[in-house]
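>>> Okay, predicted coordinates and the sequence, questions at the end:
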Amino acid sequence: MARPRAKSRSRRNQRTCAWNVSRTILTTATTLLAVLCLALFGGPVIRGFSLAMLFGLIIGTYSTVYIAAPLVIYTGLKRSGRLVGEESGPAGAAERMP
């Protein structure tokens, strides 16, 4: 039986970044709705807090999309925190598995 071709690393990284951007934008939009409701209907006491939250949402979204994602690709980190190419278990563990 022929093995399916492995997806290229760059293609996998592009797909992962696209999913990450999608999740980030959806989460930001949902949180933005709540913060805007606080700013509009919360009164003068909550308004300062909601403006600070709005500022944090914008900075956090920018950081996730334009700084963190390319940094992960550049450093080659995997989800487990190991570098790409590092062994995941004891030496020779992969060779013993059927």
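Here it is on my side, so go on. Residues are numbered from 1 along each chain as shown.

>>> how many neighbours does the nearest residue to residue 46 once chain neighbours are set aside have?
Excluding its sequence neighbours, the residue lying closest to residue 46 (C-beta to C-beta, 6 or more residues apart in numbering) is residue 38, at 5.3 Å. C-beta coordinates here come from the backbone N, C-alpha and C atoms, glycine included. Residues within reach of residue 38, counting by other C-beta atoms under 10 Å, total 17.

>>> I figured residue 38 was touching residue 49, is that so?
Yes: counting by C-beta atoms under 8 Å, residue 49 is a contact partner of residue 38 at 7.3 Å.

>>> what residues are up against the residue nearest to the spatial centre of the chain?
The C-alpha lying nearest the average C-alpha coordinate of the chain belongs to residue 20 (C-alpha atoms, centre = their mean; 4.5 Å). Contact analysis of residue 20 by C-beta atoms under 8 Å, 6 or more residues apart in numbering lists 64-65, 69.

>>> go again using 7 Å as the cut-off
residue 69 (C-beta atoms under 7 Å, 6 or more residues apart in numbering).

>>> give me the element it is part of.
helix 9-41 (DSSP states H and E).

>>> Any regions of this protein where pLDDT drops low?
1-7, 77-98 (pLDDT under 70).

>>> Check the gap between the residue nearest to residue 46 and residue 71 for me.
32 Å (C-beta to C-beta, to the nearest Å).

>>> before we move on, what about residue 23?
In terms of C-beta to C-beta, residue 23 sits 17 Å off from residue 71.

>>> what do you get for residue 16?
Separation of residue 16 from residue 71 (C-beta to C-beta) stands at 13 Å.

>>> do the same with residue 61
Counting by C-beta to C-beta, the gap from residue 61 to residue 71 is 15 Å.
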